[in-house]
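Asker: Here's my sequence, what's the structure:
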Amino acid sequence: MTGYFGGLIELARSLDRDAARVALLHRRGSSFGRQAALGVGAAASDAMFVADVLTYSSLAGELPGVISRLERQRPDVVISAGSFDDEVLLARALVESGLRANAIGLAAAAMQEFPHALGTHAEGFLGPSQWEPRLACVPDFGPGPDEATEGIRAQGAPHDYLAAQAYAACLIAQCCLEEAGADDGSLWRAACALDCSTFFGRFLSIPQRACRSGTRWVLVQWWWGRKLVVWPPAVSQARPLYPRRRRRERGPIDRCPSGDLEKKQKPTEDVGIGAHAMLWFGWGDDPFSALLSEPVRSPGEREVAVRS
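Answerer: Below is the predicted model of the structure:
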């Protein structure tokens, strides 16, 4: 969990040698937030960033103060490790405030529901993801990525990494049951000897846990209703939109009806790779189409390319 936003720090430093400050927001008392803060602090230090941690008890009640603190600190990168509802509130406030952060990463931004909550204002937000559909993964147990994605959709769930986690956990339990049967002792021994690959990645046994191993996080970014993998470059669908484009027109942000959003979308395929995660055993007129084939460039390199 401590590496949850490490890719965003890496992305910002790779594309912006002048970036200096990172702000991380999380709710007080949140274990997830504390672990994310530890990871961001370590990654920021390694990449020569100054990291500021902003905590809150109730974001809804403290939002004006949180935005004021961010405006005073003027971070180059803003990161939030919070609940989905809190991060939708935060995203709306950040858009309306016009905060001049070059990159904004939210845990919620990896979810399919994110643009339905924000409409076109979701554009440019980044999110860490453990898994995206169309992964080139060859499992030795259970369905492949295509079949798994269709199975998730058939249950009426969005094909996000949270649903993929749950599916994979069931597959791990099934694998152990088929190996050992229902006897508790045999089941425990099978779990302790676990080594199999699912569409979600490879799982290896360590004492008292089943651990997903050998993979890393990816970053996704919303562009015109599409969720695209933008980091790391080896698996990206497009180069990152960095610095994040700020809207010229400000105004109230309304929830975008899903039908309206779908009309604005153009067909695409999500691709990505898995990432390290722990699971307890037992539970044309397209403005960015040209970017899909362009290499990742720093802001300075893009300026040179434009002038030439």
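Asker: Beyond the helix or strand where residue 165 lies, next helix or strand please.
Answerer: Element membership for residue 165, per DSSP states H and E: helix 161-180. Beyond helix 161-180 on the C-terminal side, the first helix or strand identified by DSSP H and E is helix 184-192.
Asker: which strands and helices sit next to that next one?
Answerer: Packing partners of helix 184-192 (3 or more Cβ pairs under 8 Å, 6 or more residues apart in numbering; DSSP states H and E): helix 161-180. Every residue, glycine included, has its C-beta placed from N, CA and C.
Asker: by contact count, what packs against the helix it packs on?
Answerer: Applying 3+ Cβ pairs under 8 Å, 6+ apart, one finds that helix 161-180 contacts helix 145-154, helix 184-192, strand 195-198, strand 201-206, strand 277-279.
Asker: Please tabulate the ones you listed in a markdown table, including the columns distance to residue 94 and mean pLDDT.
Answerer: A markdown table is the format used below for those (distance: least, Cβ to Cβ, whole Å; pLDDT from 0 to 100):
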| stretch | distance to residue 94 | mean pLDDT |
| --- | --- | --- |
| helix 145-154 | 30 | 90 |
| helix 184-192 | 44 | 86 |
| strand 195-198 | 36 | 90 |
| strand 201-206 | 32 | 80 |
| strand 277-279 | 27 | 29 |
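Asker: Quick one, which of these gets closest to residue 61.
Answerer: Using Cβ to Cβ as the measure, strand 277-279 is the one of these that comes nearest residue 61, at 32.2 Å.
Asker: what's the angle from the helix holding residue 165 to helix 184-192?
Answerer: Put simply, helix 161-180 runs at 130 degrees to helix 184-192, going by axes from the mean of the first three to the mean of the last three Cα atoms, to 10 degrees.
Asker: For the helices and strands packed on helix 161-180, give me CSV that also has distance to residue 122 and mean neighbour count.
Answerer: Shown next, in CSV, are the helices and strands packed on helix 161-180 (distance: least, Cβ to Cβ, whole Å; neighbours: other Cβ atoms under 10 Å):
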stretch, distance to residue 122, mean neighbour count
helix 145-154, 21, 16
helix 184-192, 40, 15
strand 195-198, 30, 19
strand 201-206, 27, 18
strand 277-279, 24, 16
